[in-house]
Each structure stands twice: as C-alpha cells, then as structure tokens.
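[1] Sequence below, structure please.
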Amino acid sequence: MGGVLADGDRVKAVVVKSWMASTGGLEVHYQDGLEKGSSLKANAIQQGLEEDVHVSGAQDMETVVHRPAKRSKVQLGSAPPLTDSARLLARRKHCRFWENSGDEMELELLAAVGRNLQPGTDSILLGTDSHTCNAGAFGQFATGIGNTDAGFVLGTGKALLKVPTIIRFVLDGEMPPYLLDLILQIIGEISVSGATYKSMEFVGSTVESLTMEERMTLCNMVIEAGGKNGVVPADETTFKYLEGKTSIDYEPVYSDAQARFFSDYRFDVSKLEPVVAKPHSPDNRALARECKDVKIDRVYIGSCTGGKTEDFLAAAKVFLASGKKVKVPTFLVPATQKVWMDVYSLPVPGSGGKTCSQIFEEAGYDTPASPSCGACLGGPRDTYARMNEPMACVSTTNRNFPGRMGHKEGQIYLASPYTAVASALTGYVTDPRDFLM
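    Take a look at the predicted model:
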C-alpha cells in the first residue's frame, strides 16, 4: 500500500453515508506526499460535514486521481456531477462557490438568505436567471445575464453593461391588508416595455413600511416591465435582516438629492384595489372584482415571486378567514427549503398554533411539494403541477405568456397569494376582500 499518489493513479474509497449517493458522493481532498492507505478528509458535497475516508479496498467505486495542484480532489463515481464541475471552476477562478444546502432554489433567491449581498458599494450581482433582480430589494444592483455573458464574466471578470437611466416610483399611503400585488399595479401602468433597460427605483412611505420579502416581490418582477434592475434603498429594515446572514462589509449608496430621473410615477397605495394580470401578458391588468365571472380550473402558489414564507402565511390567512375548502386543485411549491420548513413549522397568527401545512390540509390543498421552480416555467410533461391540457389557472408566478406553464392554450391569471386563495375557494377569479373584509 505504500507510495505517493500520483496523477493517473486509481484508488478506491469508502462511501460513509448512504444518502450521499444522490448528491454525487464525497469530495476527497489530498495534499502532496499523501501515501496510499492514509486517512483522507472527505467533505459531503451538500451537507458540508467532514468524515474520515481511507484510500483502500471498499465499495467498488474506482476513480482516477488527477493532481493539477497541491490541493485537488478525487470524485467518486463514473461521471462528476455538474455541481462538482462548477465547484472546481470556482476554485480555479478564485470565485466563491455557494454550497446548495437546500436554502436556495435559484441564484436570485440568494437574496432570501442574505448571502453575497452588498447594499450599495461598488459591486454588482450578475446571475444567469432573469429574476436575479430580486436582490435589488437589498439596495444592490443585480441583474440577469445570458450563459454566454456568464462565460465571459468567468473568463475575464468583466461584463459589458450600459449605465441605465432611472425611473422613480414613489409609493405612499398605508398598505391595505389585502394587497400584495404592487408590482402588477405598476407593470399594468407602464407596460411590459415601459422600463426597457432602465433602473426602477422604489421609494416612499409605503416602501419603507414593507418587509424584506415584500420588497423582494417588488424588485423580482421589474424584468417583466423590461427593467434592467430594480432597487429599494437600504434602510434599517435591510440592515436588521442582514444581521448574522453576511459578514461582507458594505456601504449603502443612495440617489443624490439633485438626481434627475427619466420619469416619475406616484401611487397612493391606500386607494389601490386587488388586481390580476389576464392572459397573455403581465401588463394586461384588470381589477380582480371585474373578473368574477372567469371560471378557473386550478390555483398555483409558488415561484421566486410568490412562494416565500410570507406568501404562504398570507394564503393561510385567507383560509382562516373563510373557514371553507378549496373548490379547484390547488398546488403549493415553496421557493426554498427554508420556506418549506416554515410551512410545516411556523404557527400562523390567529390560528391557535396551527401551521400553514395544517391549515392547507384542512382546506383540501395538495401537499406542499419540494422546493423548485415547479410549473412556473412549464418544463417537461411530468413537471409537478404543469398544465398539460388547456385550462385556466390563477398563479402567483411572474409570467403568463402562451405556454409558460405548460400547454400553449393555457390561460394564466397572475395574482397575489390573497387573490389566488380567494379564487381557489370559489372556483372563479375572486377579490380577496370578499373573505378578508
């Protein structure tokens, strides 16, 4: 068993945790001079736990050792998972690699756990998902890019971006307890091209009163207005949310008092009514009460837009107020693993200690699915809750183009969780005030 591991050597290693098989096995690190038969430190890819692994006869998982540098890795199995390739690339490029511990569904949802967020400062966040703009809720410039652009960024550390002009949205007034669709109101006002390659800045007393998750919803859908990014100025709400979530130093920046804007929009939020975006465009705005005769086939609550903890708490609130059961199939897809855990563990205010999952079960909901994008982007026919037939759906997702959630003849009505649940209870598009007022 003696001898030093060299490039091209074959070794066998013990798989010490059976659940690691689905995550790609173990990642084994070694250093120059390590002899065959020595103990290695192996890190579970997703869990970040360390286990001792011996280079010796064990399960038949033979693999080739490659030694491009003093610190490398041995991947068990015949083909390295995509996450391993990404991790190795991150090492080579001296980038941070966020281990997927179940806290994130997509890159834009890094915002939901406060990772890599730097309100203001001189950094920007780029991600290969159009809803990366979600992180603007923290006062950070964040925008989506394509895979080709991402490859260029990884190779050069640079990205070609124009400095966008700014549209300012001043939202004042007390937020009604039935309203969670501010961004649908705004998109309906300016259209899906009204902010093309522009920055959308949200200010005003209403914005200052919003929780971080409500701010995320606001910034998440600026891309549906054509925006390059959305931003909410960082304040005490931001700073408090980030406590314990990031160790990165940051210095918030704000618009100058003399700043000039491309245009200004002002809304008295206290006078707004619940709306939906009718097929087939996010700007096809209509009052929910005006669509009361639209019969629906299902309801979908989920996505990076409408699948956060507060969205499910809002949904549970409507059920509590109604005391009724759903009349159409209703699907729940939490945005992250933490949200999924919250659905099963957090007591809903005013419920006598019941959790969202308990309330949903009593109301006849489908069991909350594992965190994912789900049917938001359609996907293969076996995607959970995908519309494989022409049907009408009220959804808390972000786009309602033909075929977006599956069948190209599907009718998607975008709405807040309040409106979605109210509609599930009646089988028609319904104003949530029918249950909440």
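[2] quick one: the strands in the stretch 301-437 of the chain?
    Taking DSSP state E, counting those that start in this stretch, the strands of the stretch 301-437 of the chain run over residues 330-333, 392-395, 411-414.
[3] would you put the C-alpha positions of the second one in PDB?
    By that I understand strand 392-395. Only the C-alpha atoms of strand 392-395 are listed here, as PDB (Å, rounded to 0.1, in the frame of the first residue of the first chain):
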ATOM      1  CA  ALA A 392     -57.400  28.400 -16.600                       C
ATOM      2  CA  CYS A 393     -55.100  28.900 -13.700                       C
ATOM      3  CA  VAL A 394     -54.700  31.700 -11.100                       C
ATOM      4  CA  SER A 395     -51.000  31.800 -10.200                       C
END
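[4] Need the residues that contact it.
    276, 294-301, 303, 306, 376, 387, 405, 410-415, 419-420, 423-424, 429 (Cβ atoms under 8 Å, 6 or more residues apart in numbering). Where you see a C-beta, it was placed from the backbone N, CA and C, and this is true even at glycine.
[5] Tell me which of the strands of the stretch 301-437 of the chain sits most buried.
    strand 392-395 (a mean of 27; mean count of other Cβ atoms under 10 Å).
[6] What's the mean pLDDT across it?
    In this model, strand 392-395 has a mean pLDDT of 98.
[7] one step back: select, out of the strands of the stretch 301-437 of the chain, the one closest to D264.
    strand 411-414 (25.5 Å; Cβ to Cβ).
[8] From the contact counts, what lies against that closest one?
    strand 275-277, strand 392-395 (3 or more Cβ pairs under 8 Å, 6 or more residues apart in numbering; DSSP states H and E).
[9] hang on, the earlier thing: can you list the strands of the stretch 301-437 of the chain in CSV and add distance to I248?
    Shown next, in CSV, are the strands of the stretch 301-437 of the chain (distance: least, Cβ to Cβ, whole Å):
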stretch, distance to I248
strand 330-333, 30
strand 392-395, 35
strand 411-414, 34
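[10] With adjacent residues omitted, what lies nearest to S345?
    Nearest residue to S345 in three dimensions, chain neighbours excluded: T355, at 6.2 Å (Cβ to Cβ, 6 or more residues apart in numbering).
[11] where does the protein dip in pLDDT?
    1-83, 93-122 (pLDDT under 70).
[12] Show me the one of the strands of the stretch 301-437 of the chain that comes nearest N284.
    For the strands of the stretch 301-437 of the chain, proximity to N284 was assessed by Cβ to Cβ; strand 411-414 is nearest, at 8.9 Å.
[13] For the closest one, C-alpha coordinates in PDB please.
    What follows is strand 411-414, C-alpha atoms only, in PDB (Å, rounded to 0.1, in the frame of the first residue of the first chain):
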ATOM      1  CA  GLN A 411     -55.000  30.700 -19.600                       C
ATOM      2  CA  ILE A 412     -52.800  32.200 -16.700                       C
ATOM      3  CA  TYR A 413     -54.100  34.900 -14.400                       C
ATOM      4  CA  LEU A 414     -51.200  36.300 -12.300                       C
END
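[14] all helices of the stretch 101-250 of the chain, in order?
    110-113, 147-156, 182-190, 205-209, 212-220, 236-242 (DSSP state H, counting those that start in this stretch).
[15] Any buried residues in the last one, and which?
    Read it as helix 236-242. T237, T238, Y241, L242 (16 or more other Cβ atoms under 10 Å).
[16] Alpha carbons of the longest helix along the chain, in PDB - could you do that?
    Longest helix in the chain by number of residues (criterion: DSSP state H): helix 309-322. Extracted in PDB, the C-alpha atoms of helix 309-322 (Å, rounded to 0.1, in the frame of the first residue of the first chain):
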ATOM      1  CA  THR A 309     -42.800  32.300   3.700                       C
ATOM      2  CA  GLU A 310     -44.900  35.400   3.900                       C
ATOM      3  CA  ASP A 311     -46.800  34.400   0.800                       C
ATOM      4  CA  PHE A 312     -47.900  31.100   2.400                       C
ATOM      5  CA  LEU A 313     -48.800  32.900   5.600                       C
ATOM      6  CA  ALA A 314     -51.000  35.200   3.600                       C
ATOM      7  CA  ALA A 315     -52.600  32.300   1.900                       C
ATOM      8  CA  ALA A 316     -53.300  30.600   5.200                       C
ATOM      9  CA  LYS A 317     -54.800  33.900   6.500                       C
ATOM     10  CA  VAL A 318     -57.500  33.800   3.800                       C
ATOM     11  CA  PHE A 319     -58.300  30.200   4.600                       C
ATOM     12  CA  LEU A 320     -58.700  31.100   8.300                       C
ATOM     13  CA  ALA A 321     -61.000  33.900   7.500                       C
ATOM     14  CA  SER A 322     -63.200  31.800   5.200                       C
END
